[in-house]
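Q: This is a predicted model, with the sequence first.
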Amino acid sequence: MIKKILYLLIFISPSTLISQANFDEAYAPIQKTLTDWDPVRGHWLGNNISNMTEEKIITDRAFPEDFTPYEMLKSLPDNTYDKLRRHIDEGRTNLSGSDLNRWNRLNNYVSNVSCSYIRGRSYGDPHLTSFDDAKTSFQTVGEFSLTRSKSNHLEVQARQKASGSSFSLNSAVAMNVFGDRLCIYADDKPDSDRSALRLNGEAINLNGRTYYLPHGGNVRLAGRNYIITWPSGETVTVGMRSSFMNISVHVFDCSDQEYQGLLGNADGESFNDFQALNGSMQRPSSFFNSTTNLNNNNSFAEKEYLAYISQSFADDWRVNEQSTLFDYGSGMNTASFTDRTFPRTHHTIHDLSPQQFNDAKTHCQNNGISQSDLTGCIYDQGFLNIPANPAPIPVDFTEDESLNRIRRPALNTNEHEYQEGKYPTGTAAVPIAAPNSSGNNPSYATERTPSKEIESSSTGKENFWGSSPSNSNINKTPNSNGSIFKRPSSKTINNTPSKTFNYSAPSKSSSPSRSTPTRSSSPSISSPSRSKGGKN
């Protein structure tokens with residue numbers, strides 16, 4: 001018996017030792033590869049894509065670019081990216097449990113670079129376009145989940161406010177940006193601060209500069225648009241108008257993520273969007289889906305469908321006091337912004353007079369609205385005189401950057417005090433230690449200019465619908481100690497309990513090719529080719 005046990009131990013021990021490899025051990029070659037590429041940028045990137053797998057705070061940048069981890073991954077040379085992909089495939093073999101879950105998250109973040117964006121929108125008064133390009137009108141009043149990911153790293157909620165008795169507009173948006181609660185208000189701000197932005201209930205202001213969020217995302221202001229980028233690469237563009245906003249959400253077409261909300265499930269099929277929370281189909285979502293309906297005489301059936309959309313469908317995706325991401329003033333909560341009796345009357349474009357219809361159609365066509373979006377534009381222009389609003393195209397902020405080798409680290413924070421030298425100073429500065437044999441704490445730094453500014457002035461003629469929001473200097477910085485996500489109180493924003501997102505790992509583990517991403521499968525990476533991700 002003793003001999004049998006010894007033989008068993010001999011055969012089991014090697015495999016047991018192999019399976020005991022942990023995340024940090026498997027990650028070491030990745031950290032070295034990135035640090036070898038650039039001792040400052042690569043060292044930061046290596047540390048922080050690891051931090052992302054545990055929802056940790058992102059460390060301060062010591063380089064001039066305002067990139068998120070995703071944007072820095074996009075900037076890697078081909079050979080460095082390919083080496084990174086090989087390390088990820090090799091490292092997965094000996095991991096299990098929570099270490100494997102972290103590794104799968106890492107794989108998703110790196111794989112996103114090979115993917116393209118798909119877009120969902122809530123715009124005008126308002127209309128919904130799902131990720132799979134289904135379309136409908138959504139005249140409701142309340143706070144709704146536009147989309148949320150199964151992993152809980154992304155959620156976007158919209159607040160809709162009445163404009164008259166039959167139309168509504170987006171007056172605010174609230175987001176979970178990888179664990180940071182960011183809200184933007186066009187109207188009904190929760191306090192007296194004039195800034196449109198709140199980070200965990202605290203006002204922040206932009207002055208044409210990038211604002212870094214604690215968990216790796218950032219906020220940029222370009223003209224009238226706030227562009228929010230997740231550290232994993234997803235983006236939201238909030239087009240500000242005088243008292244309302246248009247919201248566009250971009251997620252990846254080859255992601256393992258699953259989505260649910262008003263904008264659909266991003267599964268590549270438009271027929272199953274705009275359905276109940278339990279997945280049951282209520283009515284076909286075709287009435288508002290194409291310009292073939294411009295001459296649809298079945299207006300009664302269309303209004304019946306819109307009644308379903310504004311009631312049963314809307315109630316499935318309303319937020320509640322536990323799920324809301326918005327800030328509230330004293331004595332207010334999500335019920336304060338809810339009206340289930342709205343709208344009083346459902347309208348379609350067939351209610352416009354021939355003159356109104358033709359004038360609106362001409363306006364939309366002259367302003368570059370595509371044929372597929374023409375119905376929504378005619379509706380907006382014909383009923384509320386809202387100018388044409390073409391869908392925004394994602395901006396690639398890495399395109400014009402040349403990442404020259406850095407000679408000295410220089411701290412780049414929300415203070416925008418770009419401190420150069422080995423030991424930068426300032427209220428938010430952290431000394432950068434001398435290098436060691438492992439390549440950590442590099443002694444290189446930069447003499448480049450501070451992170452790129454984005455022009456904040458509006459272009460084109462302003463009008464009531466398109467006046468620019470006011471800007472002022474940054475006066476708040478987020479607390480970087482520990483988890484900062486907070487759910488707003490139903491009474492006041494000054495006493496907000498902390499909230500942490502539970503992160504569940506994606507189920508798939510294979511790695512897509514950098515040049516041929518797909519929605520439904522993940523091809524081999526044995527011979528990846530260079531391709532910039534995140535583009536249409």
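A: Good, I have the coordinates. Please read all numbers here as calculations on a predicted model, not as lab measurements.
Q: Only C-alpha atoms from now on, for both contacts and neighbour counts.
A: OK.
Q: what residues are up against residue 317?
A: Applying Cα atoms under 8 Å, 6 or more residues apart in numbering to residue 317 gives the contacts 144-146, 261-262, 277.
Q: Go again with 7 Å.
A: 144-145, 261-262 (Cα atoms under 7 Å, 6 or more residues apart in numbering).
Q: Please convert those residues to TSV, extending it with pLDDT, secondary structure and neighbour count.
A: Shown next, in TSV, are those (pLDDT from 0 to 100; DSSP: H, G, I helix; E, B strand; the rest coil; neighbours: other Cα atoms under 10 Å):
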residue	pLDDT	secondary structure	neighbour count
144	96	strand	26
145	96	strand	25
261	94	coil	25
262	94	coil	31
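Q: Closest one of those to residue 181?
A: residue 145 (14.1 Å; Cα to Cα).
Q: My guess is the closest one contacts residue 263. True?
A: No - the pair residue 145 / residue 263 is not scored as a contact, 8.7 Å apart, by Cα atoms under 7 Å.
Q: coming back round to it: TSV please, covering the contacts of residue 317 and showing distance to residue 241.
A: Formatted as TSV, those follow (distance: Cα to Cα, whole Å):
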residue	distance to residue 241
144	20
145	21
261	24
262	22
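Q: which phi and psi does residue 190 have?
A: phi -80, psi -10 (degrees, to the nearest 10).
Q: Low-confidence bits of this structure, can you list those?
A: Across the chain, the ranges flagged by pLDDT under 70 are 1-20, 208, 278-298, 416-536.
Q: nearest spatial neighbour of residue 200, skipping sequence neighbours?
A: Distance criterion Cα to Cα, 6 or more residues apart in numbering; nearest residue to residue 200, sequence neighbours excluded, is residue 181 at 5.2 Å.
Q: what comes into contact with whatever helix or strand that neighbour lives in?
A: According to DSSP states H and E, residue 181 maps onto strand 180-185. Strand 180-185 is contacted from outside by 171-176, 196-200, 213, 215, 325-326, 484-486, using Cα under 7 Å, 6+ apart.
Q: Paired strands for it, with orientation please.
A: The pairing partners recorded for strand 180-185 under DSSP bridges are strand 167-177 (antiparallel), strand 197-199 (antiparallel).
Q: got the residue ranges for the strands in the stretch 151-300 of the chain?
A: 154-163, 167-177, 180-185, 197-199, 202-204, 211-212, 218-222, 225-229, 235-240, 245-252, 259-260 (DSSP state E, counting those that start in this stretch).
Q: Which elements pack onto the last one?
A: The criterion is 3 or more Cα pairs under 7 Å, 6 or more residues apart in numbering; DSSP states H and E, and the helices and strands that strand 259-260 contacts are strand 142-149.
Q: my guess is residue 30 contacts residue 87, does it?
A: Yes - assessed by Cα under 7 Å, residue 30 is found in contact with residue 87 at 6.4 Å.
Q: Counting neighbours, go ahead and name the busier of those two.
A: Between residue 30 and residue 87, residue 30 has the larger neighbour count (other Cα atoms under 10 Å), namely 24 against 17.
Q: To which secondary structure element type does that one belong?
A: helix (DSSP: H, G, I helix; E, B strand; the rest coil).
Q: for it, what are its contacts?
A: Residue 30 touches 84, 87, counting by Cα under 7 Å, 6+ apart.
Q: if I look at it, how far off is residue 97?
A: Noted for residue 30: a distance of 20 Å to residue 97, by Cα to Cα, to the nearest Å.
Q: domain assignment for this protein?
A: 21-114+407-441, 117-289+317-344 (automatic domain parsing).
Q: Of these, which is nearest residue 385?
A: Across the domains of the chain, closest to residue 385 is domain 117-289+317-344 (Cα to Cα), at 10.2 Å.
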